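Asker: okay, sequence plus prediction incoming.
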Amino acid sequence: MDDLMRDAESLLGKTVSDGVDRRDFLKVALGTGFAAATLPVVAQNVIKTDTAGLTAGTVQVNVNGQNVPVYRAQPEGKTNLPVILVISEIFGVHEHIADVARRFAKLGYLALAPDLFVRQGDPTKVASIADLQRDIISKTPDAQVMTDLDAVVAWARANGGNGDKIAITGFCWGGRITWLYAAHNPSIKAGVAWYGRLMGETNANFPRHPVDVAGTLTVPVLGLYGAKDSGISQESIAVMKAALAKGPNKSTFVIYPNSGHAFHADYRPSYVEADAKDGWGRALAWFKQNGVF
């Protein structure tokens, strides 16, 4: 253990004081719990939220005979809680997504992060992003995702969640799903989409994209995007804004000029602390403004 710790400290250029949990530091430094395709983890930036005062762990939600694992975090012993669906990146429900769920739970939410790739495979174990896209992501139909999320919402209503206060947030792949689920389920209160793709080619698995549902969207969605994102052009955001303007929606965007993609992902080199913190504050305010909390 001491040799591994010294190696981790050398890698990070820092020393762990006696006041820091050395096992936790080592876990983060070596990437344990994070998706294989995201390694190496930038350990010095990783936010670690404990479970003190929380009920946290995986529950199973049955969807037409398929058990869908859902990471659940909520204030211990509390009911009638506002509900937040936390939708992962393509990397699945790894440690970062679980930590985001715990952050919401610490604020009083019933936070639910479902494994929406369970039928296609385990994205946390796939080391190549290209393989992940080909073998899992491209084979996960939007219709399946919508059905799974409907089942998670039903589970929340039956297990301590307030059915009148449900919201959704997602990152990258989950950001796109946030827009689509807001259109699919108009009973939810609000959404926050972090750098989710807005346009693209369509096929049987992906028949529509956010820009295609924008004109009929009634659920307000806050889009948090980076101006330097090479995968999501400012032109596509402009097209999305124009499509939203044709409907009754009050969705809006915040564009961060100094950020690219995945600026909220504290475990990756793309992390921009100032913009991540600002976006988090805006997300919480958005949910409060729209009656979620």
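Answerer: Received, thanks.

Asker: tally of neighbours for Pro114?
Answerer: 25 (other C-beta atoms under 10 Å). Bear in mind the C-beta positions are built from the backbone N, C-alpha and C, glycine included.

Asker: what's next to stretch 153-163, contact-wise?
Answerer: 59, 61, 70, 74, 78-83, 85, 110, 112, 166, 185, 188 (C-beta atoms under 8 Å, 6 or more residues apart in numbering).

Asker: between the residues you listed, which is closest to Gly121?
Answerer: Val70 (17.3 Å; C-beta to C-beta).

Asker: tell me the secondary structure at that closest one.
Answerer: strand (DSSP: H, G, I helix; E, B strand; the rest coil).

Asker: excluding chain neighbours, give the residue nearest to Lys228 in space.
Answerer: Closest residue in space to Lys228, ignoring its immediate chain neighbours: Gly260 at 4.0 Å, by C-beta to C-beta, 6 or more residues apart in numbering.

Asker: burial of that neighbour, as a residue count?
Answerer: Gly260: 17 neighbours (other C-beta under 10 Å).

Asker: ok, it touching Tyr225?
Answerer: No: at 9.8 Å, Gly260 does not count as touching Tyr225 under the criterion of C-beta atoms under 8 Å.

Asker: are any of the contacts of stretch 153-163 buried, and which?
Answerer: 59, 61, 70, 74, 81-83, 85, 110, 112, 166, 185, 188 (16 or more other C-beta atoms under 10 Å).

Asker: mind giving me TSV with those and columns for pLDDT and distance to Arg103?
Answerer: Shown next, in TSV, are the buried ones among the contacts of stretch 153-163 (pLDDT from 0 to 100; distance: C-beta to C-beta, whole Å):
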residue	pLDDT	distance to Arg103
Val59	98	19
Val61	98	22
Val70	98	17
Gln74	98	12
Leu81	98	15
Pro82	98	14
Val83	98	15
Leu85	99	14
Leu110	98	13
Leu112	98	14
Ile166	98	18
Asn185	98	23
Ile188	97	20
